[in-house]
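Engineer: got a sequence here, can you model it:
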Amino acid sequence: MSGGLPIDLILFAMVAAFLVLRLRSVLGRRTGFERPPQGEAAPGIGQSPLPGPEALPPPQPAAARGLPDPRSAAGQGLSRMREIDPAFDPAAFLAGAEGAFRMIVEAFAAGDRETLRNLLSDDAYAGFEGAITAREQAGETQRTEIRAIQDMAIEAAELRGSIADITVRIVSDQVNVTTARDGSISAGAEAVTEITDVWTFQRDLRSSDPTWKLVGTRSA
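Structural biologist: Down below sits the predicted model:
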């Protein structure tokens with residue numbers, strides 16, 4: 001028996017080292033849905049064009065997302081937007097729009113003016129803020145739960161110079177309940193209701209600010 005290490009022990013050590021490296025490479029990856037580590041600041045709302053999947057948990061169930069036919073007016077509008085901003089991706093925009101929709105709806109129900117200010121244009125914010133103030137003065141509280149987003153689709157895409165407007169149809173299942181000062185329900189119900197919203201987001205594609213802001217809303 002020689003003084004060197006047995007060949008089988010050397011082979012086992014090499015296999016173990018390989019497995020450790022593989023585990024580190026897999027477990028060290030971030031999928032975009034994990035919470036930031038302790039002490040690491042979460043990305044700010046204004047730091048991305050629209051809140052991405054890292055800002056929210058993945059929707060349950062995932063919404064069906066529809067892009068317009070490239071030959072349609074909306075499809076051609078999206079194509080012109082990409083000519084001005086090659087980084088623009090309609091599919092990524094829709095994913096961000098879903099995150100923005102959830103944040104705005106929940107912020108409005110909670111009276112979170114700071115969040116709304118970051119995601120809405122001045123005119124849109126004035127309308128939302130006025131409704132929140134009226135609710136507060138009446139002593140009412142609102143509870144909104146988005147149970148699911150069933151469908152999202154780009155309906156229109158318009159370009160005026162470098163100003164881009166994208167209109168999105170959003171079909172969601174929600175519970176909306178408004179409670180009066182005495183605790184009674186003054187509007188809404190606990191039942192899940194399907195709601196169709198049509199929201200328009202806007203951005204200057206030549207601006208260094210990547211944020212798409214909500215500029216208009218209506219019900220369909």
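Engineer: SS state for Ala74?
Structural biologist: At Ala74 the chain is in helix, as set by DSSP: H, G, I helix; E, B strand; the rest coil.
Engineer: now it: closest residue in space that isn't a chain neighbour?
Structural biologist: Pro68 (3.8 Å; Cβ to Cβ, 6 or more residues apart in numbering). C-beta coordinates here come from the backbone N, C-alpha and C atoms, glycine included.
Engineer: so what's that neighbour up against?
Structural biologist: Pro68 is in contact with Ala74, Gly75, Leu78, Ala153, Ile154, Glu155, Ala157, counting by Cβ atoms under 8 Å, 6 or more residues apart in numbering.
Engineer: where do the helices sit along this structure?
Structural biologist: Taking DSSP state H as the test, the helices found in the chain are 7-27, 73-84, 90-110, 113-119, 122-137.
Engineer: flag the shaky bits of this structure, pLDDT-wise.
Structural biologist: For the chain, residues meeting the criterion pLDDT under 70 lie at 1-64.
Engineer: just want the most central residue of it.
Structural biologist: Residue closest to the mean C-alpha point of the chain, counted by Cα atoms, centre = their mean, is Gly99 at 1.4 Å.
Engineer: state the distance from that one to Gln150.
Structural biologist: Relative to Gln150, Gly99 is positioned 16 Å away (Cβ to Cβ, to the nearest Å).
Engineer: now swap in Asp204 and tell me
Structural biologist: Between Asp204 and Gln150 the distance is 32 Å, computed by Cβ to Cβ.
Engineer: pull the residues that contact stretch 172-184.
Structural biologist: Stretch 172-184 has contacts (Cβ under 8 Å, 6+ apart) with 101, 105, 109, 135, 138-150, 185-195, 197.
Engineer: are any of those residues buried, and which?
Structural biologist: Those of the contacts of stretch 172-184 that meet the buried threshold are 101, 105, 109, 135, 141-142, 144, 146, 149, 186, 188, 195, 197, by 16 or more other Cβ atoms under 10 Å.
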